[in-house]
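Trainee: fold the following.
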Amino acid sequence: MTQKLPEWCEAEDWCPVTITAELLGRKWHPVIIHRLMQKEMGFNELQRQVHSISDKVLSESLDDLQERKIVQKEVINKKPKEVKYSLTQKGESLEAVITEMKNWGGRQAE
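Mentor: Numbers count the residues shown, from 1 in each chain. Prediction:
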């Protein structure tokens, strides 16, 4: 007996495809996650690595990724303020998805 695929669940909060697309469909989220896959970074270094992103947009994106428990922020020093951002275990679980996005995009550019 063949198994039926579930109907498309567009715009449903519980839909796995919608959840993933909503997270990775934000312009800078995949790039930030990709950079943090390489190593933990401070805000300024991350901004240099994510070319053309403003302070405000990077800050908002990091806040959103922290709320979603994809990125964690560690305060190193209070004065002068120094923080490091890294991926959480949940964020690290996106590595295969981000890598495949990079590979697929590279093949399309050929």
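Trainee: list the buried residues in the helix or strand residue 83 falls within.
Mentor: Per DSSP states H and E: residue 83 is located in strand 82-87. The neighbour-count criterion (16 or more other C-beta atoms under 10 Å) identifies 84-85, 87 as the buried residues of strand 82-87. C-beta: built from backbone N, CA, C; applies to glycine.
Trainee: ok, and what's touching that strand?
Mentor: With C-beta atoms under 8 Å, 6 or more residues apart in numbering as the test, strand 82-87 has contacts from 33, 36-37, 40-43, 46, 62, 70-76, 94.
Trainee: ok, now with 6 Å
Mentor: 36, 40-42, 71-76 (C-beta atoms under 6 Å, 6 or more residues apart in numbering).
Trainee: so which strand or helix has the residue nearest to residue 50 when sequence neighbours are not counted?
Mentor: Distances taken as C-beta to C-beta, 6 or more residues apart in numbering place residue 31 nearest to residue 50, at 5.3 Å, with adjacent residues excluded. Here residue 31 sits within helix 29-38, counting by DSSP H and E.
Trainee: could you name the helices and strands sitting against that helix?
Mentor: Contacting helix 29-38 under the criterion 3 or more C-beta pairs under 6 Å, 6 or more residues apart in numbering; DSSP states H and E are the following elements: helix 95-108.
Trainee: now do the helix it packs on and strand 82-87, the angle between them.
Mentor: Computed by axes from the mean of the first three to the mean of the last three C-alpha atoms, to 10 degrees, the angle separating helix 95-108 from strand 82-87 equals 80 degrees.
Trainee: can you get me a residue count around residue 41?
Mentor: Per other C-beta atoms under 10 Å, the neighbour tally for residue 41 reads 19.
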